[in-house]
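> Sequence first, then the predicted structure, then my questions.
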Amino acid sequence: MEALQLGTAITVGGPAVALGGITLFFLKTYINDQKRRYASIPLPPEVPGLPVIGNLLQLKEKKPHKTFAKWAETYGPVYSIKTGANTMVVLNSNDVAKEAMVTRYSSISSRKLSNALKILTSDKSIVAMSDYNEYYKTVKRHILTSTLGSNAQKRHHIHRDIMIDSITKQFRTLVEAHPSEAVNFRKVFQSELFGLSLKQAIGKDIGSIYVEELGTVLSRDEIFEILVIDPMEGAIEVDWRDFFPYLKWIPNRSFEKRLQQMYSRREAVMKAIIKAHMKRIASGDEINCYLDYLVSESNTLTEQQMLMLIWEAIIESSDTTAVVTEWAMYELSRNPEKQNRLCQEIQNICGFDKITEDKLCRLPYLSAVFHETLRKHSPVPIVPLRYAHEDAQLGGYHIPAGSEIAINIYGCNMDKKIWDCPEEWNPERFLDGKSDSMDLHKTMAFGGGKRVCAGALQAMVISCMAIGRLVQEFKWKLKDGEKENADTLGLTNTKLHPLLSIIEPRN
Ligand code: HEM
């Protein structure tokens, strides 16, 4: 028997060894060929910096997208910088960004997360921050099927209708009570959007909740702070060890404490919310929402993964859509002729009826307002960093394995070679008949390729419906002094101060 096994091993082993040798020979030849090929391709130009810290000091004002776009004017659309010990390749044009996101995706599909994002995403457990792998494919399918895909969005239609009605009603109440006082757009819109994201994620809005681990009852505003505002701020926390990985053994206690506190509070609140809804589900009261879908359809997720996915749906639905809608209302408030043009278009199509979602495809100027706002005020100005896990080629340059890749969406959307007077907010630029009015990807704002934004349809429908109804029902004018107030804040491109507008019912 042993002889038989040995014999089999020899007969099978002989060809296997020969095959292994041939494979090794070809692999070595292939690697040498690749090396020779890349040796003949130039590296991207480098932005000069200082020894050890590289270009870090030049990036200290926390608006890297603007600095990157300025450097592109000198160094071209592809260049490299040094962030401490790391090499980062920055891409600033549509062509090269698309090459990275589509053609070269297989070489740069991993995420490079900062220490802050590693903690806040429980080490890549959410769709948007995970690497391209089986987990990613499964959870992306879940969020599209239950919440963000076009069929799911049709099922969630009712939440959007209720939200838009409630927003216009609140503005009407405010203006009736104090006709000459400015309204705070963000206060009303953000709270309603948070309500919608909760209904889609867990089935119901929340008034308050008792959080056992914190031993206290939290109000809705406090829940919003813990689930949305704090993590957004935490995501841009800088840990100097990100730039000097060889020093990662040195503790950075104040950073760790701040992030850990944020993490634990969010975890405690999410656990309390999920526990309450698990009781609801167990009692047979099922609702069409992400949580109920995950409970019934997915038995492979851990509790922690489920918690992170539900939180992701809440935070992503609550932020960027509010950012772009606020910027659109700011631009319309300061451009009365464009506001009148939009109002006229809506009147021509809807008459005296309220605008409805089925009319959106017949309102090209409204769509142009939305896309022009996405272009000029890209809510996500830089795509979450990617990482080249093997040598690659981009824009005719050699990108060595190990480089971080920053796709500067803001830079692409402000590229003078593509856009006339990119600093101007001019929706008319999208009315040249070159693109379908319902095309979601007129700009690079939603990214592209396999990792294109999964919530683009939801963002477009909510934002266009809100802009349309608010212009149909009120005349918007900036409060005096508001004009220059257009700086930005945080991870997403949020207006520094909330928009204050004087509104007048149109009747
Ligand atoms: C105007 C609003 C929005 C903008 C500008 C925006 C932009 C982006 C960008 C730039 C990406 C990264 C693409 C990449 O890595 O290549 C992304 C990914 C993603 N977004 Fe959005 N987003 C918006 C709204 C939303 C909403 C409302 C949701 C709802 C939950 C959402 C969910 C996601 C998800 C799940 C991903 C990850 C997709 C993947 O990796 O496959 N986004 N978004």
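Thanks, I have it.
> what are the phi and psi angles of E423?
E423 adopts backbone torsions of phi -70, psi -20, taken as degrees, to the nearest 10.
> Just the pLDDT for the residue in the stretch 51-200 of the chain that the ligand sits nearest to.
Ranking the residues of the stretch 51-200 of the chain by distance to the ligand (Cβ to the nearest ligand atom) places A128 first, at 3.5 Å. No exception for glycine: its C-beta is placed from N, CA and C like everyone else's. Here the pLDDT value assigned to A128 is 95.
> pretty sure it belongs to a strand, no?
No - under DSSP: H, G, I helix; E, B strand; the rest coil, A128 falls outside any strand and is assigned helix.
> check contacts around it.
E312, E316, P384, A454 (Cβ atoms under 8 Å, 6 or more residues apart in numbering).
> Would you confirm that the third one contacts S130?
Going back to what we said before, that points to P384. No - using Cβ atoms under 8 Å, P384 makes no contact with S130, being 10.7 Å away.
> how about the residues of the stretch 1-150 of the chain that lie near the ligand?
Listed as neighbours of the ligand in the stretch 1-150 of the chain under the rule Cβ under 6 Å from any ligand atom: M101, V127, A128, K140, I143, L148.
> hmm, back to that, what touches both of P384 and S130?
R111.
> Give me the below-cutoff pLDDT ranges for this protein.
1-37, 437, 484, 486, 489-490 (pLDDT under 70).
> which residue is nearest the middle of it?
V380 (5.6 Å; Cα atoms, centre = their mean).
> Flag every buried residue along stretch 296-308.
Neighbour counts over stretch 296-308 (16 or more other Cβ atoms under 10 Å) mark S298, L301, Q305, M306, L307, M308 as buried.
> what separates the residue nearest to the centre of the chain from E212, distance-wise?
Taking Cβ to Cβ, to the nearest Å as the measure, V380 falls 35 Å from E212.
> give the contact list for the residue of the chain found nearest the ligand.
Closest to the ligand within the chain is G455: 2.1 Å, counting by Cβ to the nearest ligand atom. Taking Cβ under 8 Å, 6+ apart, we find G455 in contact with L148, E316, S317, T320, T321.
> farthest pair in these?
Taking Cβ to Cβ as the measure, these span a maximum distance of 12.9 Å, between L148 and T320.
> And the helices in the stretch 301-450 of the chain, which stretches?
303-318, 320-334, 336-350, 364-376, 409-413 (DSSP state H, counting those that start in this stretch).
> Doesn't K475 lie inside a helix?
No - counting by three-state DSSP, one finds K475 to be strand, located in no helix.
> is it in a bridge, and if so with what?
According to DSSP bridges, the residues that bridge with K475 are E504.
> burial count for it?
16 (other Cβ atoms under 10 Å).
> that older thread, please check the residues of the stretch 1-150 of the chain next to the ligand and keep the buried ones.
M101, V127, A128, K140, I143, L148.
> any idea how far the second one lies from N115?
In this case it means V127. Separation of V127 from N115 (Cβ to Cβ) stands at 21 Å.
> next one: the fourth one
Plainly put, K140 is 25 Å away from N115 if you go by Cβ to Cβ.
> that older thread, from the buried ones among the residues of the stretch 1-150 of the chain next to the ligand, which single one is nearest K416?
Nearest to K416 among these, with distances taken as Cβ to Cβ, is M101, at 21.9 Å.
> check contacts around the residue nearest to the closest one when sequence neighbours are not counted.
Distances taken as Cβ to Cβ, 6 or more residues apart in numbering put G449 closest to M101, at 3.7 Å, once the chain neighbours are dropped. Contacts for G449 (Cβ under 8 Å, 6+ apart) come out as K98, M101, V102, Y105.
> What about the closest residue to G207 other than its chain neighbours, how many residues nearby?
Nearest residue to G207, sequence neighbours excluded (Cβ to Cβ, 6+ apart): R220, at 6.0 Å. Residues lying near R220 (other Cβ under 10 Å) number 16.
> Show residues contacting the helix or strand where S197 lies.
Element membership of S197, judged by DSSP states H and E, is helix 185-202. Residues outside helix 185-202 that contact it (Cβ under 8 Å, 6+ apart): 147, 156, 159-160, 163, 166-167, 170-171, 174, 204-206, 220, 224, 228, 273-274, 277, 289-291, 310, 313-315, 317-318, 321-322, 325-326, 329, 462, 466, 495, 498-501.
> Over to stretch 238-246?
53, 56, 83-86, 114-116, 247-248, 250, 252, 255.
> Considering these, which possesses the most neighbours?
Most crowded among the contacts of stretch 238-246, counting by other Cβ under 10 Å, is A116 at 22 neighbours.
> ok, it touching M232?
No - here A116 does not reach M232: they are 11.1 Å apart, not a contact under Cβ under 8 Å.
> Contact residues of the stretch 301-450 of the chain facing the ligand?
313, 316-317, 320-321, 324, 379-380, 383-384, 445-447.
> right, is the helix holding S197 up against the ligand?
No - residues of helix 185-202 contacting the ligand under Cβ under 6 Å from any ligand atom: none, with a closest distance of 7.6 Å.
> Would you mark the buried spots in that helix?
For helix 185-202, by 16+ other Cβ under 10 Å, it's 185-186, 188-202.
> before we move on, the earlier item: ChimeraX command to pick out the buried ones of the contacts of helix 185-202?
In ChimeraX, this line selects whichever of the contacts of helix 185-202 come out buried by 16+ other Cβ under 10 Å:
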select :147,156,159,160,163,167,170,171,174,205,206,220,224,228,273,274,277,289,290,291,310,313,314,315,317,318,321,322,325,326,329,462,466,495,498,499,500,501
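> so of the contacts of helix 185-202, which ones are in helices?
159-160, 163, 166-167, 170-171, 174, 220, 224, 273-274, 277, 290-291, 310, 313-315, 317-318, 321-322, 325-326, 329, 462, 466 (DSSP state H).
> where do the strands sit along the stretch 51-200 of the chain?
78-83, 86-91, 110-111, 183-184 (DSSP state E, counting those that start in this stretch).
> okay, the ones you listed in a markdown table with distance to S333 next?
A markdown table is the format used below for the strands of the stretch 51-200 of the chain (distance: least, Cβ to Cβ, whole Å):
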| stretch | distance to S333 |
| --- | --- |
| strand 78-83 | 37 |
| strand 86-91 | 34 |
| strand 110-111 | 37 |
| strand 183-184 | 11 |
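> Comparing those, which stretch has the densest surroundings?
strand 86-91 (a mean of 24; mean count of other Cβ atoms under 10 Å).
> which strands and helices sit next to that one?
helix 64-75, strand 78-83, strand 404-407, helix 409-413 (3 or more Cβ pairs under 8 Å, 6 or more residues apart in numbering; DSSP states H and E).
> Out of these, which is the most enclosed?
helix 409-413 (a mean of 26).
> Residues in contact with that one: which ones?
So helix 409-413 is contacted by 65-66, 68-69, 72, 77, 90-94, 97, 374-376, 378, 380-383, 418-419, 422, 443-445, 447, 493 (Cβ under 8 Å, 6+ apart).
> Which among those count as buried?
65, 68-69, 72, 77, 90-94, 97, 374-376, 378, 380-383, 419, 422, 443-445, 447, 493.
> Next, the angle from the helix holding S197 to helix 303-318.
Angle of helix 185-202 versus helix 303-318, following axes from the mean of the first three to the mean of the last three Cα atoms, to 10 degrees, is 150 degrees.
> Can you give the distance of helix 185-202 from its chain's centre?
17 Å (Cα atoms, centre = their mean, to the nearest Å).
> Please apply the same query to stretch 310-328.
Going by Cα atoms, centre = their mean, where stretch 310-328 is centred and where its chain is centred differ by 9 Å.
> May I have it exported as PDB, CA atoms only?
Coordinates of each C-alpha in stretch 310-328 appear next as PDB, following Å, rounded to 0.1, in the frame of the first residue of the first chain:
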ATOM      1  CA  ILE A 310     -26.900  49.700   9.100                       C
ATOM      2  CA  TRP A 311     -24.900  52.600  10.300                       C
ATOM      3  CA  GLU A 312     -23.300  53.100   6.900                       C
ATOM      4  CA  ALA A 313     -26.800  53.400   5.300                       C
ATOM      5  CA  ILE A 314     -27.700  56.000   7.900                       C
ATOM      6  CA  ILE A 315     -24.600  58.200   7.600                       C
ATOM      7  CA  GLU A 316     -24.300  58.100   3.900                       C
ATOM      8  CA  SER A 317     -27.900  59.000   3.300                       C
ATOM      9  CA  SER A 318     -27.800  61.800   5.800                       C
ATOM     10  CA  ASP A 319     -24.900  63.800   4.600                       C
ATOM     11  CA  THR A 320     -23.900  64.300   0.900                       C
ATOM     12  CA  THR A 321     -27.400  64.900  -0.400                       C
ATOM     13  CA  ALA A 322     -27.900  67.700   2.200                       C
ATOM     14  CA  VAL A 323     -24.500  69.200   1.100                       C
ATOM     15  CA  VAL A 324     -25.300  69.400  -2.600                       C
ATOM     16  CA  THR A 325     -28.900  70.600  -2.000                       C
ATOM     17  CA  GLU A 326     -27.800  73.400   0.300                       C
ATOM     18  CA  TRP A 327     -25.200  74.500  -2.300                       C
ATOM     19  CA  ALA A 328     -27.900  74.400  -5.100                       C
END
